[in-house]
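Sequence isn't available, so here's the structure alone:
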């Protein structure tokens, strides 16, 4: 009897292992074309706070706390000011259970005017000082969707092109921020 029980358990676990190998979980974009709602489910916020928050520097000041807002900046993002680049920051409005993504430049003077971003076969003109949360979301979604297809964005500057994130390691860091953000609002699972 005991041998049969061990054998059944061995067969069960072997079957589960084979199923997990042959049918792996595939991450996917969910409701990607719908209008952004920015709302955060409690379970997604708990997942972020328990598993991902240790990789972020959370800014909490008196003024932000009164507004019910926290800013999460990824620790591995480059803070270099020798060349222009963008980093993404997650803004968590915890009182309203919403989260926003914003693009933050490291050299404010370079991004003061309209800049052109080339990605794949398209070029986008962005003006960071005039962008609202919806525009930041659409810009980040455009970059994230193309990053999942291994396409890199470049800043076009008078016939020259610069990598939008500056370095490959900073590109990976910003991709991690975008993944965390879209998981937080339930658009990437």
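Sure thing, it's come through. The structure presented is a predicted model; accordingly, all values stated were derived computationally and were not measured. Residues are numbered from 1 along each chain as shown.

switch to C-alpha atoms for all contacts and neighbour counts from now on
Noted.

I'd like to know the average pLDDT value across the strand or helix carrying residue 66.
Counting by DSSP states H and E, the element that carries residue 66 is helix 62-67. Averaging pLDDT along helix 62-67 yields 81.

what about the strands in the chain?
Secondary structure of the chain (DSSP state E): strands located at 56-59, 69-74, 86-93, 98-105, 115-119, 122-126, 153-157, 160-163.

For the last one, which residues meet the burial criterion?
Within strand 160-163, the residues scored as buried using 16 or more other CA atoms under 10 Å are 162-163.

what's that strand packed up against?
strand 153-157 (3 or more CA pairs under 8 Å, 6 or more residues apart in numbering; DSSP states H and E).

Partner strands of the strand it packs on, with direction?
Strand 153-157 has the following strand partners under DSSP bridges: strand 115-119 (antiparallel), strand 160-163 (antiparallel).

which stretch in those strands has the least confidence?
When I compare those, strand 160-163 is least confident, with a mean of 86.

Was I right to think residue 165 contacts residue 85?
Yes - at 5.0 Å, residue 165 counts as touching residue 85 under the criterion of CA atoms under 8 Å.

Give me the residues contacting the helix holding residue 66.
If you take CA atoms under 8 Å, 6 or more residues apart in numbering as the criterion, helix 62-67 is touched by residue 70.

Now do the contacts for residue 74.
55-57, 89, 173-174, 177.

give me that answer again for 7 Å
55-57, 177 (CA atoms under 7 Å, 6 or more residues apart in numbering).

In CSV, list those along with pLDDT, distance to residue 6 and neighbour count.
As requested, those are exported to CSV (pLDDT from 0 to 100; distance: CA to CA, whole Å; neighbours: other CA atoms under 10 Å):
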residue, pLDDT, distance to residue 6, neighbour count
55, 94, 42, 13
56, 94, 45, 17
57, 93, 49, 13
177, 95, 45, 25
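
and of these, the nearest to residue 39?
Taking CA to CA as the measure, residue 39 lies nearest residue 177 of these, at 17.2 Å.

Quickly note the distance from the closest one to residue 110.
Separation of residue 177 from residue 110 (CA to CA, to the nearest Å): 23 Å.

In this structure, where is pLDDT below threshold?
Low-confidence segments of the chain (pLDDT under 70): 23-29.

For it, which segments count as helices?
Listed in chain order, the helices of the chain (DSSP state H) span 2-22, 42-47, 62-67, 133-147, 168-184.

just so I know, which of those lies nearest residue 75?
That would be, of those and by CA to CA, helix 168-184, which comes in at 8.5 Å.

one step back: pick the most buried one from the helices of the chain.
Greatest average neighbour count among the helices of the chain goes to helix 168-184 (a mean of 20), per mean count of other CA atoms under 10 Å.

tell me what it is packed against?
For helix 168-184, the packing partners by 3 or more CA pairs under 7 Å, 6 or more residues apart in numbering; DSSP states H and E come out as strand 86-93.

Appreciated, that's everything.
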